[in-house]
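Participant: Quick one, structure for this:
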Amino acid sequence: MFKASAELLNLRKIEANLAKQKNYQQAHEIQVRANELEAKERDDYMIEVGKKVLASESTLISRQ
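Facilitator: Here you go, the predicted model:
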């Protein structure tokens, strides 16, 4: 399961606070930054998971 970084969680909290203050323009800017960061973190996570799966498969194949 993907685990968000502290920076991403902080951006989401800032976004929510700006929206509560009805500062929608700044909230949107933060949302865009947070979405980009989240996409990058998800991609990095999927790459790492893929590497682990390949390593596990090669270990299994070598055992047989």
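
Participant: Averaging pLDDT per element, find the lowest-scoring helix or strand in the protein.
Facilitator: Least confident element among the helices and strands of the chain, by mean pLDDT, DSSP states H and E: helix 24-63 (a mean of 95).

Participant: List the buried residues of that helix.
Facilitator: A27, I30, Q31, A34, L37, E38, E41 (16 or more other CB atoms under 10 Å). C-beta: built from backbone N, CA, C; applies to glycine.

Participant: That one - contacts with which helices or strands?
Facilitator: For helix 24-63, the packing partners by 3 or more CB pairs under 8 Å, 6 or more residues apart in numbering; DSSP states H and E come out as helix 6-20.

Participant: List the buried residues of the helix it packs on.
Facilitator: Of the residues in helix 6-20, those buried (16+ other CB under 10 Å) are L8, L11, R12, I14, E15, L18.

Participant: Just the closest of these to T59, please.
Facilitator: Nearest to T59 among the buried residues of helix 6-20, counting by CB to CB, is L8 at 32.3 Å.

Participant: I figured that closest one hits E38, correct?
Facilitator: Yes - contact criterion CB atoms under 8 Å: L8 and E38 qualify, at 5.7 Å.
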